[in-house]
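*Asks:* no FASTA, just this:
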């Protein structure tokens, strides 16, 4: 199905039957005062350099018209096919005009006919939660952004499988500071975004997190001084305090971590936990994919565009500078800045850009399993539990709705690192390692 049609509309009448955003003269005047004289609520006419007149009528008074300046001399019209589109006029500095319709949140790559004819300030490859946040922060600063993702929806890739733990137990001050700062955005998520989402908002569940302490030496010795310097609230729990707060925990030591096919896996306990560092502001985001959707809606409200089912196959360059991207349908989009937020695909994108070999730090996609298991029947872990990092067992876990527990690995040395292609079929999750 062809989602776009282009027409030469110089000196022709063009009608837009239905558009769905706000089109008041006051908005145009506020955004682009110099172009206010071009706007009339019912009938609009734009004078073209050669003296021709291009009249058109917007029959839906709730349409959204947006004026921007550019140097192009093309005149194009894209046919509106969805109610979430925005009619955009671009008035050239030389007097020529481009008229096109943006299909926001495109669900088919044919929408890229729009982007092919458009300049953007930045193209973001990847529409997961990080790519969405990058797009939103750029768009709210007035930059025109286009987010591209080969998946069918925002957050459909690795974001949707994220454990979404909000913690502060990083080993560097920069990492802790970034996490602590980020928590405040999640805590006031809807206010930060400033835009509605028909699906509601992701929520930060601040159940707290305990970093279990195995002995006098451990990760806690690196974390506590950083928390003290940055005023990150925490509590030091002795073993007795930990036992009182979590009487359902086994506080014996069994490490170092071993796999179930290792004889040491069945070894008896050889000591007891010393205690825990508990950070009450930590927790988890209840729906990371919804968070990515929230970011998309907020970015769109700032004028950003998204296209899905769209694969980048090349990074266009000229004189050593990025000029845009090439897409798998043969089209291209221009922008002076291209941002790689491709997650598992990031190394491939770096290769397309020709920068992979020169990078000191490279990325690879590794198979990483998490499990959702039922909590003990005698304990409502969703209500009374908290997130836990247990280096002795090589796992972390946190509450899930319905008295379930999400369990993941802390990547101890015993766990094999299995490289996989980012689009490779990972197959069924196995229970061998846990049973």
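*Replies:* Sure thing, it's come through. This is a predicted model, so every value here is computed, not measured. Residues are numbered from 1 along each chain as shown.
*Asks:* low-scoring stretches of the protein, by residue?
*Replies:* The model of the chain has pLDDT under 70 over residues 1-118, 425-435.
*Asks:* quick one, helices of it?
*Replies:* 25-31, 112-116, 129-139, 173-187, 189-193, 220-230, 239-245, 288-301, 346-352, 381-384 (DSSP state H).
*Asks:* and of these, who's closest to residue 204?
*Replies:* Of all the helices of the chain, helix 173-187 sits nearest to residue 204, with 4.0 Å by CB to CB. Just so you know, the C-beta spots here come from the backbone N, C-alpha and C atoms, and that holds for glycine as well.
*Asks:* what helices or strands is the closest one leaning on?
*Replies:* strand 165-166, strand 204-205, helix 220-230 (3 or more CB pairs under 8 Å, 6 or more residues apart in numbering; DSSP states H and E).
*Asks:* got a list of contacts for the second one?
*Replies:* It refers to strand 204-205. For strand 204-205, the surrounding residues in contact (CB atoms under 8 Å, 6 or more residues apart in numbering) are 166, 183, 186, 187, 189, 283, 284, 285, 286, 399.
*Asks:* one more pass at 6 Å, please.
*Replies:* 186, 187, 283, 284, 285, 286 (CB atoms under 6 Å, 6 or more residues apart in numbering).
*Asks:* the fifth one and residue 202 touch, don't they?
*Replies:* Yes. The pair formed by residue 285 and residue 202 meets the contact definition of CB atoms under 6 Å, at 5.3 Å.
*Asks:* comparing the two, which residue is more hemmed in?
*Replies:* residue 202 (25 against 19; other CB atoms under 10 Å).
*Asks:* residues touching that one, list them.
*Replies:* With CB under 6 Å, 6+ apart, residue 202 has these contacts: 285, 287, 290, 291, 294.
*Asks:* how about those residues in TSV, adding distance to residue 226?
*Replies:* Output for the contacts of residue 202, formatted as TSV (distance: CB to CB, whole Å):
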residue	distance to residue 226
285	23
287	29
290	31
291	26
294	30
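*Asks:* tell me the one of these nearest residue 374?
*Replies:* residue 287 (20.2 Å).
*Asks:* got the phi and psi for that closest one?
*Replies:* When read as degrees, to the nearest 10, the backbone of residue 287 gives phi -150, psi 90.
*Asks:* so it versus residue 358, what's the distance?
*Replies:* According to CB to CB, to the nearest Å, residue 287 and residue 358 sit 38 Å apart.
*Asks:* so which of these two has more stuff around it?
*Replies:* Shown here are residue 287 and residue 358; by other CB under 10 Å, residue 287 has more neighbours (18 against 7).
*Asks:* so who does the more buried one touch?
*Replies:* Going by CB under 6 Å, 6+ apart, the list of residues near residue 287 reads residue 202.
*Asks:* redo that, cut-off 8 Å
*Replies:* 164, 202, 203.
*Asks:* give me the number of residues near residue 266?
*Replies:* Neighbours of residue 266 using other CB under 10 Å come to 9.
*Asks:* any idea which residue is closest to the centre of this protein?
*Replies:* The centroid of the chain falls nearest to residue 129 when counting by CA atoms, centre = their mean (1.7 Å).
*Asks:* about what we covered before: could you dump the contacts of strand 204-205 into a markdown table with distance to residue 275 added?
*Replies:* Output for the contacts of strand 204-205, formatted as a markdown table (distance: CB to CB, whole Å):
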| residue | distance to residue 275 |
| --- | --- |
| 186 | 28 |
| 187 | 27 |
| 283 | 20 |
| 284 | 23 |
| 285 | 27 |
| 286 | 29 |
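*Asks:* hey, what's residue 238 bridged with?
*Replies:* residue 275 (DSSP bridges).
*Asks:* isn't it up against residue 275?
*Replies:* Yes. Assessed by CB atoms under 8 Å, residue 238 is found in contact with residue 275 at 4.7 Å.
*Asks:* ok, the two, which is more surrounded?
*Replies:* Taking other CB under 10 Å, residue 238 and residue 275 do not tie; residue 275 has more neighbours (22 against 13).
*Asks:* pretty sure the more buried one sits against residue 214.
*Replies:* No. Counting by CB under 8 Å, residue 275 sits too far from residue 214 to count as a contact (9.8 Å).
*Asks:* what do these two both touch?
*Replies:* By CB under 8 Å, 6+ apart, no residue touches both residue 275 and residue 214.
*Asks:* that older thread, tell me the contacts of the residue nearest to the centre of the chain?
*Replies:* 155, 159, 162, 288, 291, 292, 295.
*Asks:* ditto for residue 125
*Replies:* 131, 148, 149, 312, 325, 338, 339, 340, 341, 342, 345, 349.
*Asks:* no further queries at this time; thank you.
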